[in-house]
Structures are given as C-alpha cells and as structure tokens.
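**Q** A predicted structure for the sequence below; I have some questions about it.
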Amino acid sequence: MVDDHGEAGLYAVAALALGLGAVHTLSGVLGLVSSLGSPGALVLAVSQAVLGLLLVPAGVGLALRKPWSRWVGVVAFGGLAVVQLLPLLTGSTVAVPLAGVLLATGSSLYLMLAGEAFESGDDGRVLTEDTDPHEFVR
C-alpha cells in the first residue's frame, strides 16, 4: 500500500496536471487564434491544446486513483515536455521554459514509477476460519 508521502505526491501530481492542463489548453487556444499564417506555430498550438485537454481528465482521474489516468498522465506530461522543447529543436527560439520541461518530465517519470499507488490492497477475499488453507481441522 502507498504511504502518506506517496499519497501526497500523487495528489500533488494531480493538482499539477489540472493546473498545467488548464494553462496549456488556454495557451493552445490563444495560439490558434494568433498563428493563422504560420504552419509551425499552428502545429504547436494544436498540440498544446490537445495535450492540455488530456491533462484535465487525467488530473481528476489521478486524484480518484483511476488506473487509466496513470498512463494518460504519462503520455500527456511526456508530450508537453516534447512540445515545449520543439521550438528549441527547430531553431526558432533559444528560450525554453525549463521549469515547465522539468515539471512535465518529472511528473511523467513519477507516474511511471508510482504503479503501486493504483493497486488496490483489498482483493475481496477474507481469510476466515473456514477459508484458511493453513488450518487442518478433523
């Protein structure tokens, strides 16, 4: 089972997913409006909006410990890190939001390693006097 520190970390990543999801969705929509002439800026704006929209339900699912939200969060956070690095790789800018890249990468890695947070400790079986395989009653 997850200790209190792991549970707090999971809630922190869920809050971060909700916050970054809202910010990147808004940024993507504003980028769509302003990038009507440039195809590269249009691709960045669409990808930001889509990944932001993926992060919002992932954040809610993470807070509720839904198993699907873990992998949606990994993909969305990893995608955000790549999208934030794309302007640097294409040479269009040298300024990269390093904090955003590190937060997205760290959150994606945390979710990849936090598999036990989504496992339920109770599998529905109760060990009683009648079901204990180690008891032999004559």
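**A** Done, it's in.

**Q** Would you state the helices of this protein in chain order?
**A** Along the chain, the segments classed as helices by DSSP state H run 4-34, 39-63, 67-90, 98-113.

**Q** Name the residues of the first one that are buried.
**A** Read that as helix 4-34. Neighbour-count burial for helix 4-34, counted by 16 or more other C-beta atoms under 10 Å, picks out 9-10, 13-14, 16-18, 20-21, 24-25, 27-28, 31-32. No exception for glycine: its C-beta is placed from N, CA and C like everyone else's.

**Q** follow-up on the earlier one: could I get the helices of the chain in CSV, plus columns for mean pLDDT and distance to residue 119?
**A** Output for the helices of the chain, formatted as CSV (pLDDT from 0 to 100; distance: least, C-beta to C-beta, whole Å):
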stretch, mean pLDDT, distance to residue 119
helix 4-34, 87, 12
helix 39-63, 90, 14
helix 67-90, 88, 9
helix 98-113, 90, 13
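
**Q** and which of the buried residues of helix 4-34 is nearest to residue 41?
**A** Distance to residue 41 across those (C-beta to C-beta) is lowest for residue 31, with 6.5 Å.

**Q** which residues touch that closest one?
**A** 41-42, 44-45, 48-49 (C-beta atoms under 8 Å, 6 or more residues apart in numbering).

**Q** hmm, try it at 10 Å
**A** 24, 41-49 (C-beta atoms under 10 Å, 6 or more residues apart in numbering).

**Q** now swap in residue 101 and tell me
**A** Taking C-beta under 10 Å, 6+ apart as the test, what residue 101 contacts is 80-85, 88.

**Q** make it 6 Å
**A** Contact analysis of residue 101 by C-beta atoms under 6 Å, 6 or more residues apart in numbering lists 81, 84.

**Q** ok, back up a step: out of the buried residues of helix 4-34, which comes closest to residue 98?
**A** So of the buried residues of helix 4-34, ranked by how close each gets to residue 98 (C-beta to C-beta), first place is residue 20, at 14.7 Å.

**Q** now that closest one: how far from residue 81?
**A** As for residue 20, its distance to residue 81 is 11 Å (criterion: C-beta to C-beta, to the nearest Å).
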